[in-house]
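K.L.:
I'll drop the sequence and a predicted model, then ask my questions.
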Amino acid sequence: MKKLAMFLCVLGALFGVEEQSLMQQGVEAYNNGGYQKTVELYQKVCDKGEALGCNNLGLMYQFGKGVKQDKFKAIELYIQACEGEDAWGCTFLGVMYNNGDGVKQNKFKAVEFYTKACGRGNAQGCNNLGWMYENGKGVKQDKRKAKELYGKTCDLKEELGCQNYTRLNEAGY
């Protein structure tokens, strides 16, 4: 409950009162299993141009919650979210391109979207980008750059980034 309250405070800072209310209702509907209602509410927020609403709606389509699963629609919504400066939308696009999930696998596009996400302070985007550099996927392999990205991930309070940073540091990078 405490996390939900904090999330709603963040929403209040990001959105106007109407959008905040719709997002709050969407979170409550989702938590109560009202996935169709959640989709309706996120659609309204997305239609108002709020990137986070588009991102959350993309998740609903990607995983078939309240709607028929449609990964193409999810990608469309993630693009809209990423273009609207939502870092999670960029991260999810990166994951889908990296895995070839709903799109043709493209490691270069994955790197592009992880870079945008990381630049916007998304820890998962930074960690994923670090992995791409560590393994030479979509970029020239560069373990020092990977370590730097894992360090940024750690700074963003993501434990996996701290573990990856320590692992590369101990290996001499």
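P.N.:
Everything's here; your move.

K.L.:
what about residue 75, distance to residue 141?
P.N.:
Distance, residue 75 to residue 141, using CB to CB, to the nearest Å: 28 Å. C-betas here are computed from N, CA, C, even on glycine.

K.L.:
who's more crowded, these two?
P.N.:
Each of residue 75 and residue 141 has its neighbours counted (other CB atoms under 10 Å); residue 75 has more, 20 against 12.

K.L.:
measure that one to residue 98 for me?
P.N.:
Taking CB to CB, one finds residue 75 at 13 Å from residue 98.

K.L.:
and if you look at residue 24?
P.N.:
On the measure of CB to CB, residue 24 and residue 98 end up 32 Å apart.

K.L.:
With the flanking residues excluded, which residue is spatially nearest to the spatially most central residue of the chain?
P.N.:
Nearest to the mean C-alpha position of the chain, by CA atoms, centre = their mean, lies residue 88 at 2.2 Å. Computed as CB to CB, 6 or more residues apart in numbering, the closest residue to residue 88 that is not its neighbour in sequence is residue 55, at 5.1 Å.

K.L.:
Give me the helices and strands touching the strand or helix carrying residue 61, please.
P.N.:
Per DSSP states H and E, residue 61 falls inside helix 51-63. Under the contact definition 3 or more CB pairs under 8 Å, 6 or more residues apart in numbering; DSSP states H and E, helix 51-63 sits against helix 17-31, helix 35-47, helix 71-83, helix 87-99.
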